[in-house]
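Visitor: Here is my input, please return the structure:
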Amino acid sequence: MNSQPDVLVVGGGATGTGIARDLALRGVNITLVDRDGLSAGATGRSHGLLHSGARYAESDAEGALECLEENRILREIGGECIRETRGLFVQLAGDDPDYFEEKRAACEEIGIPVEVIDGETARDAVPGLADAVERAMWVPDGVVVPSRLVAANAADARDHGAQILPHAPVTSMTVDDGRIAAVSLGGDVAETVEPTYVVNATGAHAGKLAAMAGVDVEMRPTRGVMISVGYDGLEPVLNRCRDPADGDIVVPHDGEVVLGTTSVPVDDPDAYETADWEVEETISECATILPDVADAEHIRTWWGVRPLYEPEEAARGGRGISRGFHVLDHDTTDGVTNFASVVGGKLTTYRRMAEVTADLVCERLGVDRACTTATNELPGATASSTLDGFVREFDGQGPTDTDLVEGTDRK
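Guide: Numbering: from 1, shown residues only. Sure, this is the predicted structure:
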């Protein structure tokens, strides 16, 4: 392996592999490491929703526009990493009609395409939809196959000279005279590297990694349950049109749907309790939208941990209001000159998070090359079998999409 890369990226989810791809395409010498296989964290344990921005339209217009723009880019570059499904926000009897109108108006102001339909038309379009649906709103949501997306980013980085090292946990960092001088790796690698720059893209674990460099990054991780049940023939993503709450999203797969989710604070993203009530409440609430899921075959259940940034969550008051991202330059804030952390964000905006982070890194390294990830199609994008081969290569299977990816299975 290269023991002196220009940049060591720590974290093999969508953001980390997106950063590695972006920098490799700019000619930067990259090593990416993860303690597990790729997409083992929040990326591969999500519900896989490709946001149109509608979920955040009335509460965070800037974030919603960001989602819309990245949604369109991913549809162009992602191929079989993305599933074209559309999305439907539904108002049930008893839901606040003013909230529906506020969201509709906010979507239209931002430029998110919407079409309002009555309940009968919605039930004609989506067989099995609840009788309680009074009206609904079409939006351009979609579905991400996260294992493929991460593996394709890693493959493109590798094809442009990057080293991709799963099962290589960081065990320690040596800080000397205000810079990270050495990073020790364990697992399958068990070597020490001396990078010029280090990027912390470890999601909910960002605080733990930063602490190895003597830096304080405050995270507020929250767990959320996802349940996959047997259900054939659902086309769109279904969203309950109300303030974000437990059990308000149904994501279609082939022959299954994923029900989500809850939001419960956890102290440690590696060791947290899971509760039966989360499963029961999520199924019960999702069944108010699509009643047959209440009795559908239960296929698998998993929890993910959101990488929420404490200062933003405290300022905004908690759940569901925004999922903005922040790139923390530890030179300006903590006196560690060659270290940055990227925190927060959403799967939909991973590419933009990577671009902003890569811009900072290139500025620090004196690299004058522009980002090209918005226009370069991901490798293997048109062939699911090729993408699934990348998933196997990088041990990149997460539970979100085990039914969609051939050849691997990680519960």
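
Visitor: Confirm that Gly247 sits in a helix.
Guide: No: using DSSP: H, G, I helix; E, B strand; the rest coil, the assignment for Gly247 is coil, not a helix.

Visitor: That one and Ala294, how far apart?
Guide: 11 Å (Cβ to Cβ, to the nearest Å). Backbone N, C-alpha and C define where each C-beta goes, glycine included.

Visitor: And these two? Which one has more around it.
Guide: Of the pair Gly247 and Ala294, Gly247 is the one with more neighbours under other Cβ atoms under 10 Å, namely 24 against 12.

Visitor: any residues in contact with both of Gly247 and Ala294?
Guide: In terms of Cβ atoms under 8 Å, 6 or more residues apart in numbering, Gly247 and Ala294 are both contacted by the residues 283-284.

Visitor: Relative to its centre, which residue of this protein is most distant?
Guide: Ranking residues of the chain by C-alpha distance from their mean position (Cα atoms, centre = their mean) puts Asp177 at the top, at 35.2 Å.

Visitor: Contacts only, for it.
Guide: Per Cβ under 8 Å, 6+ apart, neighbours of Asp177: none.

Visitor: Dihedrals phi and psi, the spatially most central residue of the chain?
Guide: Note on the chain: the residue nearest the mean C-alpha position is Leu347, at 2.4 Å, using Cα atoms, centre = their mean. Main-chain torsions, Leu347, degrees, to the nearest 10: phi -60, psi -40.

Visitor: In contact with it, which residues?
Guide: 14, 42-43, 46, 48-50, 144, 146.

Visitor: What is the most widely separated pair among those residues?
Guide: Ala42 and Leu50 (15.4 Å; Cβ to Cβ).

Visitor: Next, the distance between the ends of stretch 242-257.
Guide: 21 Å (Cα to Cα, to the nearest Å).

Visitor: buried ones in it?
Guide: 242, 244, 246-253, 256-257 (16 or more other Cβ atoms under 10 Å).

Visitor: which SS class is Leu32?
Guide: Leu32 - assigned by three-state DSSP - is strand.

Visitor: What separation is there between it and Thr202?
Guide: Taking Cβ to Cβ, one finds Leu32 at 12 Å from Thr202.

Visitor: how about the strands in the stretch 251-400 of the chain?
Guide: 256-260, 264-265, 298-306, 325-329, 339-344 (DSSP state E, counting those that start in this stretch).

Visitor: For Ala155, which of those is the nearest?
Guide: Comparing the strands of the stretch 251-400 of the chain by Cβ to Cβ, strand 339-344 comes nearest, at 21.2 Å.

Visitor: The closest one pairs with which strands?
Guide: If you go by DSSP bridges, strand 339-344 pairs up with strand 197-200 (parallel), strand 325-329 (antiparallel).

Visitor: and among the ones you listed, the most buried is which?
Guide: strand 197-200 (a mean of 26; mean count of other Cβ atoms under 10 Å).

Visitor: pLDDT on that strand, on average?
Guide: The average pLDDT for strand 197-200 rounds to 98.

Visitor: What lies in contact with it?
Guide: 6-11, 16, 19, 173, 180, 183, 206, 209-210, 213, 217, 338-342, 357, 361, 364-365.

Visitor: measure the spatially closest residue to Glu285 that is not a sequence neighbour to Trp303 for me?
Guide: Sequence neighbours aside, Gly247 is the residue nearest to Glu285 in space, at 2.6 Å (criterion: Cβ to Cβ, 6 or more residues apart in numbering). In this view, Gly247 and Trp303 are 14 Å apart by Cβ to Cβ.

Visitor: again with Glu285
Guide: Counting by Cβ to Cβ - Glu285 and Trp303 are separated by 17 Å.

Visitor: Ok, Leu404 next?
Guide: Distance from Leu404 to Trp303, counting by Cβ to Cβ: 20 Å.

Visitor: How about Phe394?
Guide: 23 Å.

Visitor: more crowded one of the two?
Guide: Phe394 (27 against 20).

Visitor: and the contacts of strand 197-200, which are buried?
Guide: Buried among the contacts of strand 197-200 by 16+ other Cβ under 10 Å: 6-11, 16, 19, 173, 180, 183, 206, 209-210, 213, 217, 338-342, 357, 361, 364-365.

Visitor: which residues in the chain form helices?
Guide: According to DSSP state H, the chain carries its helices in the segments 14-25, 61-77, 97-110, 119-125, 146-159, 206-212, 276-287, 310-316, 330-334, 350-365, 384-393.
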